[in-house]
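1. Return a 3D structure for these sequence lines:
(chains A and B)
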There are 2 protein chains.
Amino acid sequence: MEKVLDQFQFERVLSHDPRSKLVHILGRINGEHAIVSFEKARYADTDIPELASRTCQLVDSNHNNIYGWGMGTVKLATADTNIKTIYPATELHIRKYEHQQRHMIIETPDMYKQITLPYIQSLPAERIQWVFNILEGKSEADRVLYRSNDRETGFVVLPDMKWDGTQESLYCVAIAMRSDILSLRSLNRSHLPLLKNIRDTAYQLVKDKYGMDKDLLRLFIHYQPSYYHFHVHLTAMSFADAPGVVAGQAHLLDTVIDNIELYDDYYQRAKLPFTIGERHPLYLAHTSP
Amino acid sequence: MEKVLDQFQFERVLSHDPRSKLVHILGRINGEHAIVSFEKARYADTDIPELASRTCQLVDSNHNNIYGWGMGTVKLATADTNIKTIYPATELHIRKYEHQQRHMIIETPDMYKQITLPYIQSLPAERIQWVFNILEGKSEADRVLYRSNDRETGFVVLPDMKWDGTQESLYCVAIAMRSDILSLRSLNRSHLPLLKNIRDTAYQLVKDKYGMDKDLLRLFIHYQPSYYHFHVHLTAMSFADAPGVVAGQAHLLDTVIDNIELYDDYYQRAKLPFTIGERHPLYLAHTSP
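-> The predicted model follows:
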């Protein structure tokens, strides 16, 4: 990595998230593209008691009664930055990290039939080969936390790549055995046994394995999902800014079950909002004349 | 502020958000409580082109093909930390910043009637006096962006305190003139003219004032809201991690309108999930035997 940083010639910022203090930068090394990502590290537990005394170059910006605001520079004893390098980087890498304006689309049942469903059906089957590999035990078998092979109500649970292993950031995914449910739009009363089985089993699994009660968990379904084979996300409530838990993308499993119990064909009749990047083929399909 | 930092005696961490790199610390000065908050600053535009060359003490942690991961220390040319001090701090301040476990409650219509509604009715009327001051033009009149005094469909729009003024983080709130809607639970077909008026006017207002199209906005209603006088939040889509946009708290206005159009009494019949801190009186009311 040292060599990459030493030879890196800055070109431009691909994206910059001011909330998490993460910046993805495009540059070149010997004429080839490289991407270097810098993210300010979380405060180390050992640094925290010293923060006040290690602050220098303090500049006050505002003062009001008992409140004061300012900026300064803090000398930390531990490494302050997480760094990731990609070299050589392809166009695909660049597109992945480049800032993309997201739009809200309010999908009517008709828009689903005319635009979204044909898009889903046009996706090559190989795209979800990795899902079948997991379901058939051919890959990631050692990571599977739970498995039931029932054709109707069966599913596997495995940790998501975003989970760092701590209880506060618990993130798992439950993937259905059956492959006839494309998305939320497909769900009806016939799927209630599967949905309830996933909910109840997930609660019990997390209770048994990690000692967490069900009211500390958020179970949700994405619309649009990133792959069209039915799956449910399980996250710790404390992971409140887990990617993709926002309204307009995440649908709580409990609400989904309730909607179907009250109104059989809710997900065939409802307008479903979704958020999507401006370069996504589905955005282009929905907005092209 | 310098004096507060100099004399600050560390006691304990109140809360620490590793995503935003923000820590609230409790300490003492001359026997009195003080709270100092440190947040790593976003990268300054002028620092970004220099990040690679200013990295030192690099430690590689992982390497795989074209990908590399590591940690280091980056010498920035600008102040790297935002600091806020509260001194002297009261018990109320401490409680505000102290980490609170959040729980998910799935509220049935019956739980609403038995527990939530009596709680709402028990709140002192003075709590929302500030809302009436805004509606009557007695306070914040210069901040109001839009006003319609119609008794049924009227509302005011004003910027939220969380909005820093940039288009990417747009955050406004629309507060209804009428005071007979406590929350989402109260909404039925008779409120559709108000809901649609807020939606359509907000879209037009943001288009006229800031040139932003409606598909770049997220309009939503909180359940539970922080005050029980009907209001709608308007945020930019790009403010994706605005506080309170998560599923289980935010309900998209478009979905609310659609649910009522399809099923008159949806919000009286549905189970509504909500997330709530473990020290909130409503959590205690719902969980006490």
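
2. Return the residues of the stretch 101-250 of chain A in contact with chain B.
-> With C-beta under 8 Å from any C-beta of the partner chain as the criterion, the stretch 101-250 of chain A meets chain B at residues A:101-106, A:214-218, A:220, A:237-238, A:240-241, A:245-250. Glycine gets a C-beta too; all of them are placed from N, C-alpha and C.

3. which among those end up buried?
-> Neighbour-count burial (16 or more other C-beta atoms under 10 Å in any protein chain shown) applied to these gives A:102-106, A:214-218, A:220, A:237-238, A:240-241, A:245-250.

4. which residues are contacting stretch A:102-120?
-> A:182-183, A:185, A:224, A:228, A:248, A:268-278, A:281-283, A:285-287, B:214-218, B:237-238, B:240, B:254 (C-beta atoms under 8 Å, 6 or more residues apart in numbering or on different chains).

5. Give me the distance between the two termini of that stretch.
-> Using C-alpha to C-alpha, to the nearest Å, the end-to-end distance of stretch A:102-120 comes to 20 Å.

6. repeat for stretch A:240-254
-> So stretch A:240-254: terminal residues 18 Å apart, C-alpha to C-alpha.

7. for the record, mean pLDDT for it?
-> Per-residue pLDDT over stretch A:240-254 has a mean of 85.

8. Which of the contacts of stretch A:102-120 fall within helices?
-> Those of the contacts of stretch A:102-120 mapping onto helices are A:268, A:269, A:281, A:282, A:283, A:285, A:286, A:287, B:254, per DSSP state H.

9. Including neighbour count, could the residues you listed go into TSV?
-> Listed next are these as TSV, based on neighbours: other C-beta atoms under 10 Å in any protein chain shown:
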residue	neighbour count
A:268	14
A:269	13
A:281	11
A:282	17
A:283	20
A:285	15
A:286	19
A:287	13
B:254	20
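
10. could the residues you listed go into JSON lines alongside distance to residue A:175?
-> Listed next are the ones in helices among the contacts of stretch A:102-120 as JSON lines, based on distance: C-beta to C-beta, whole Å:
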{"residue": "A:268", "distance to residue A:175": "23"}
{"residue": "A:269", "distance to residue A:175": "27"}
{"residue": "A:281", "distance to residue A:175": "24"}
{"residue": "A:282", "distance to residue A:175": "22"}
{"residue": "A:283", "distance to residue A:175": "26"}
{"residue": "A:285", "distance to residue A:175": "26"}
{"residue": "A:286", "distance to residue A:175": "27"}
{"residue": "A:287", "distance to residue A:175": "31"}
{"residue": "B:254", "distance to residue A:175": "30"}
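
11. Show me which pair in the residues you listed is furthest apart.
-> Maximum pairwise distance in the ones in helices among the contacts of stretch A:102-120, criterion C-beta to C-beta, is 26.1 Å, between A:269 and A:281.

12. Okay, the residue nearest to residue A:246 when sequence neighbours are not counted and residue B:96: tell me how far apart.
-> Take residue A:246 and drop its neighbours on the chain: the residue closest to it by C-beta to C-beta, 6 or more residues apart in numbering or on different chains is residue B:245, 4.8 Å away. Residue B:245 is 21 Å from residue B:96, where distance means C-beta to C-beta, to the nearest Å.

13. Over to residue A:222?
-> For residue A:222 relative to residue B:96 (C-beta to C-beta), the value is 33 Å.

14. For those two, work out which one has more neighbours and name it.
-> residue A:222 (19 against 15; other C-beta atoms under 10 Å in any protein chain shown).

15. Is that one bridged to anything, and to what?
-> Assessed by DSSP bridges, residue A:222 has beta-bridge partners residue A:250.

16. Name all residues that make contact with it.
-> Contacts of residue A:222 by C-beta under 8 Å, 6+ apart are A:233, A:244, A:249, A:250, A:251.

17. next one: phi and psi at the third one?
-> Taking degrees, to the nearest 10, you get phi -140, psi -40 for the backbone angles of residue A:249.

18. any idea how far residue A:101 is from it?
-> Look at residue A:249 and residue A:101: by C-beta to C-beta, they are 16 Å apart.

19. same thing with the second one?
-> Computed as C-beta to C-beta, the residue A:244 to residue A:101 distance reads 17 Å.

20. can you check the last one too?
-> Residue A:251 is 23 Å from residue A:101, where distance means C-beta to C-beta.

21. In the stretch 1-150 of chain A, where is pLDDT below threshold?
-> For the stretch 1-150 of chain A, no stretch is flagged by pLDDT under 70.

22. In contact with the nearest residue to residue A:265 once chain neighbours are set aside, which residues?
-> Excluding the flanking residues, the one nearest residue A:265 by C-beta to C-beta, 6+ apart is residue A:188, at 6.3 Å. Residue A:188 sits next to A:260, A:264, A:265, A:267, A:268 when contact means C-beta under 8 Å, 6+ apart.

23. ok now do residue A:258, which residues does it touch?
-> Contacts of residue A:258 by C-beta under 8 Å, 6+ apart are B:270, B:271.

24. if I've got this straight, it is in a helix?
-> Yes. With DSSP: H, G, I helix; E, B strand; the rest coil as the criterion, residue A:258 is located in a helix.
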